[in-house]
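Undergrad: pasted the sequence and its predicted model underneath.
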Amino acid sequence: MSETSTEVTTKPIIQTELEINEPGLYKVIYINDNQTSMQFVIDSLTDYFGYSVIGAETITEDIHIEGSAIVAVLPYEIAEQKGIEVTVDARSQGYPLQVKLEEDAT
C-alpha cells in the first residue's frame with residue numbers, strides 16, 4: 001500500500017496600493033517671428049484655444065512685444081495635440097510659427 005499525502009497549496013494575497021496621479025500640465029508657448037501674420041495668430045488662438053477676438057488680440061500683441069507668450073496650460077496630450085494642429089495649420093499657409101511646450105512647474 002502506498003502512502004498518499006494531500007498537499008495544500010495556498011496563494012498569498014498581495015494587496016497593492018495604486019497611486020494615480022493627475023497628468024502633468026504643460027504650457028503652450030507661441031514664439032514670435034517676422035513672417036507669421038498677426039491675423040493668423042489671432043485666428044489660431046480663437047480657433048484652437050477658444051479665445052475671444054479681444055483676448056486673442058491682447059495675447060498676440062504680447063507675443064509681438066515680448067517675443068513669446070504662454071497661450072494655454074493643459075495636460076500634456078492635449079497641449080501636444082493643439083501644438084501640432086496649430087503648427088500644421090501654420091505650415092499649410094506658409095508661416096514658420098513655432099509652438100513650444102514646457103512643463104508647468106507650479
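TA: Perfect, I can see it now. Numbers count the residues shown, from 1 in each chain.
Undergrad: tell me, how many residues neighbour the nearest residue to residue 72 once chain neighbours are set aside?
TA: Using Cβ to Cβ, 6 or more residues apart in numbering and skipping residues adjacent in sequence, the residue nearest residue 72 is residue 28, 4.4 Å away. Using the backbone N, CA and C atoms, a C-beta is placed for each residue, glycine as well. Using other Cβ atoms under 10 Å, residue 28 is surrounded by 22 other residues.
Undergrad: can you tell me the SS state at residue 28?
TA: What DSSP: H, G, I helix; E, B strand; the rest coil gives for residue 28 is strand.
Undergrad: pLDDT at it, what is it?
TA: Listed pLDDT for residue 28 reads 98.
Undergrad: residue contacts, it?
TA: Neighbour list for residue 28: 49, 70-74, 79, 82-83, 99-101 [criterion: Cβ atoms under 8 Å, 6 or more residues apart in numbering].
Undergrad: switch to 7 Å and redo it
TA: For residue 28, the contact set (Cβ atoms under 7 Å, 6 or more residues apart in numbering) comprises 70-72, 74, 79, 82-83, 99, 101.
Undergrad: also residue 13?
TA: By Cβ under 7 Å, 6+ apart, residue 13 has no neighbours at all.
Undergrad: what about residue 50, distance to residue 89?
TA: 15 Å (Cβ to Cβ, to the nearest Å).
Undergrad: who has more neighbours out of the two?
TA: Neighbour count, other Cβ under 10 Å: between residue 50 and residue 89, residue 89 has more, with 16 against 10.
Undergrad: separation between that one and residue 100?
TA: According to Cβ to Cβ, residue 89 stands 16 Å off from residue 100.
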